[in-house]
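Undergrad: Have a look at this fold, sequence not included:
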């Protein structure tokens, strides 16, 4: 038999003790000027926690933002370590609830609710906790290191949205007027991922 019984599934889901020292991270520069040079440290990923928990530490520069989006697979919660974020809940074409969270405060973003995040003028240092654990950290790696600002047309955006939904249960709200990317690459800001045993 030619099958390799010694090979290991690289996406194997485990649930065993481990420690994070912040060694798995990526710098983001995302299409339509989102999350510019935001550092994301993956402390606990879904495949490490038996799909129970995903914990990401985000250092957001001032005035960053996300597009309105919706998660179908995970709830999000923000614990604010420094700075502030303003979160708009609801569809962008309707009246929305607005919540501002500052240092020491906690904000809950349940799945299946449209939301967008706007970072305050002093930036934000956030502990992002997502439950249940999922493969969303892989989405951040893909968009941060492989896609980045390359989404420049509505067709690109539609293809990205279909990919994000199909693979990660994530959808983005298309802007009324497509602005395209507005970020200049200044070298490769992404960090190669290393597996820590």
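TA: Thanks, I have it. Small disclaimer: the values here were computed from a predicted structure and weren't measured.
Undergrad: Point me to the helix or strand that includes the nearest residue to residue 168 once chain neighbours are set aside.
TA: In space, and not counting its chain neighbours, residue 168 is closest to residue 139: 4.6 Å by C-beta to C-beta, 6 or more residues apart in numbering. The way it works is simple: take the backbone N, C-alpha and C, and place the C-beta from them, glycine included. Taking DSSP states H and E as the definition, residue 139 sits inside helix 136-142.
Undergrad: per-residue confidence averaged over that helix?
TA: Averaged across helix 136-142, pLDDT comes to 90.
Undergrad: List the buried residues of it.
TA: Of all the residues in helix 136-142, those buried under the rule 16 or more other C-beta atoms under 10 Å are 136-142.
Undergrad: residue closest to the middle of this structure?
TA: residue 140 (4.9 Å; C-alpha atoms, centre = their mean).
Undergrad: Surely that residue is in contact with residue 56?
TA: Yes. Shown here, residue 140 and residue 56 form a contact pair, counting by C-beta atoms under 8 Å, at 7.4 Å.
Undergrad: got any residues that touch both of those two?
TA: Residues within reach of residue 140 and of residue 56 at once, by C-beta atoms under 8 Å, 6 or more residues apart in numbering, are 40, 42.
Undergrad: mind listing the helices for the protein?
TA: Assigned by DSSP state H, the helices in the chain fall at 136-142, 154-168.
Undergrad: Tabulate these (CSV), appending distance to residue 46.
TA: Supplementary listing: the helices of the chain in CSV, determined by distance: least, C-beta to C-beta, whole Å:
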stretch, distance to residue 46
helix 136-142, 7
helix 154-168, 11
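Undergrad: ok, now how distant is residue 102 from residue 81?
TA: Note on residue 102: its distance to residue 81, by C-beta to C-beta, to the nearest Å, is 11 Å.
Undergrad: what's the answer for residue 56, then?
TA: Distance from residue 56 to residue 81, by C-beta to C-beta: 12 Å.
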